[in-house]
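K.L.:
Below are the sequence and a predicted model; questions follow.
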Amino acid sequence: MPAVPQKHIVIGRWQSYHGNTIGSLSAGGDVKRRHAYTPNLLNYAHVYSPYCHRCPYDRQKDDCLSKQNWACVTDIERTILELGPENVSAFIAEPIVGSQQGAVPPPPGYFGKVRELCDRYEILLIIDEVMTGFGRTGTNFATEQIGITPDIITFGKGVSAGYAPLAGMIVHDRLIDGLIQNSDGKFIHGYTYSGHPVAVAAGLAALDVYERDMVLENVKKQGPYLFKRLLELKQKHSNISDVRGKGLLIGMELVKDHDQDLLFDPAEKAAEKLNGIAMELGAVFYPGSGSIDGVKGEHLIVSPPLNVTKSEIDEIVRILDESFTIFHHQLRKDELYESTK
């Protein structure tokens with residue numbers, strides 16, 4: 001890969017998260033985290049990620065599928081051309097949008113088209129698998145299920161099962177060849193604790209256990225069961241408008257009433273309140289807000305351990321069921337109180 005010195009702009013996606021350093025925050029689309037650092041952020045560009053439940057481009061999923069014409073893809077190409085392909089170095093995305101949207105998977109064919117665009121304009125495709133990597137979605141990496149080969153994969157969390165802070169990146173051979181051909185082959189990059197032997201040992205031990213205990217097979221078995229049980233909750237509770245995700249990374253979108261599609265006011269902190277109720281009952285989930293536009297939109301991520309059992313999933317769902325019931329009753333009380341003021 002030849003060196004192109006002027007390629008410096010990274011295109012990211014709104015409602016994404018890649019980290020809190022200036023570079024990663026600039027590429028990410030976490031509106032709330034970005035606000036405080038706006039003067040310091042790099043001049044990176046952003047497009048919307050595919051979010052078919054509430055398409056930011058006002059398109060219908062069936063129409064996009066039938067025509068194989070995705071506004072969320074054509075917007076990437078438009079952005080590249082506006083910036084000048086000679087200035088764009090990379091496009092970065094999560095294979096399943098995690099904390100900022102609540103486990104939103106891409107529609108079929110999306111990443112294949114993104115890969116084609118990156119190849120056409122000589123742009124690196126960086127896939128952030130920090131949340132999805134090492135078995136969370138049923139394969140080692142979620143990109144295996146969407147059929148693409150990224151230029152760079154970033155990873156963390158699951159690589160050590162959370163027992164030690166460990167993260168890294170996987171780089172395609174052609175990038176290494178480019179470094180060798182266009183420099184002295186050195187990549188000056190490091191942190192004080194890079195390659196820490198204790199963290200690396202924890203990572204190696206975790207990977208051994210994943211293989212020994214056939215953890216990926218368990219995710220493939222339990223993931224569909226969890227999804228099915230959460231869909232049952234959606235039918236029962238009016239505060240759930242969508243259930244989505246893959247493997248053991250499932251998101252639930254929260255609304256005041258799914259029939260009327262009434263959204264919560266961000267000030268109500270609905271996801272946090274629901275998670276607080278669940279914690280009192282013995283389970284912890286991952287609450288989030290801003291999934292629609294960085295401000296509006298509440299969701300809860302259900303992401304149990306990869307070795308979770310069927311009976312444990314039943315207990316998780318039982319606690320969620322009770323939590324939603326209590327949550328709904330509290331909402332009704334608050335509404336009645338407001339109406340009497």
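P.N.:
Noted; the coordinates are in hand.
K.L.:
residues contacting the residue nearest to Ala45 when sequence neighbours are not counted?
P.N.:
Counting by Cβ to Cβ, 6 or more residues apart in numbering, the nearest residue to Ala45 once its immediate chain neighbours are dropped is Ile11, at 4.8 Å. In this view, the C-beta of every residue, glycine as well, is placed from N, C-alpha and C. Taking Cβ atoms under 8 Å, 6 or more residues apart in numbering as the criterion, Ile11 is in contact with 44-47, 76, 79-80, 83, 88, 90-92, 123.
K.L.:
and these, which are buried?
P.N.:
Applying 16 or more other Cβ atoms under 10 Å to the contacts of Ile11, the neighbour count classes Tyr44, Ala45, His46, Val47, Ile76, Thr79, Ile80, Val88, Ala90, Phe91, Ile92, Ile123 as buried.
K.L.:
mind checking how far Pro95 is from Phe155?
P.N.:
Summarising the geometry, the distance separating Pro95 from Phe155, computed by Cβ to Cβ, to the nearest Å, is 12 Å.
K.L.:
So for those two, which residue has more residues nearby?
P.N.:
Pro95 (26 against 22; other Cβ atoms under 10 Å).
K.L.:
That one is in contact with Thr139, isn't it?
P.N.:
No - in terms of Cβ atoms under 8 Å, Pro95 does not count as a neighbour of Thr139; the distance is 10.4 Å.
K.L.:
Can you pull the residues that touch both of Pro95 and Phe155?
P.N.:
Glu129, Phe141.
K.L.:
contacts for the helix or strand encompassing Thr154?
P.N.:
In this structure, Thr154 sits in strand 152-155 according to DSSP states H and E. By Cβ under 8 Å, 6+ apart, the surrounding residues in contact with strand 152-155 are 18, 90, 124-130, 133-134, 141, 143, 167-172, 175.
K.L.:
Could you report the neighbour count for Asp63?
P.N.:
Counted with other Cβ under 10 Å, residues neighbouring Asp63 total 11.
K.L.:
where does it fall, phi/psi-wise?
P.N.:
Backbone torsions for Asp63, taken as degrees, to the nearest 10, come to phi -70, psi -40.
K.L.:
which residues touch it?
P.N.:
Going by Cβ under 8 Å, 6+ apart, Asp63 touches no other residue.
K.L.:
Touching, Pro304 and Ser311? I think so.
P.N.:
No - with contacts defined as Cβ under 8 Å, Pro304 does not count as touching Ser311, sitting 11.9 Å away.
K.L.:
Please identify which of those two sits among more neighbours.
P.N.:
Just comparing Pro304 and Ser311: by other Cβ under 10 Å the higher neighbour count belongs to Pro304, 20 against 8.
K.L.:
Gly133 and Thr139 touch, don't they?
P.N.:
No - between Gly133 and Thr139 no contact is recorded; they are 9.5 Å apart, counting by Cβ under 8 Å.
K.L.:
out of the two, which sits in the more crowded spot?
P.N.:
A side-by-side neighbour count of Gly133 and Thr139, using other Cβ under 10 Å, places Gly133 first with 25 against 18.
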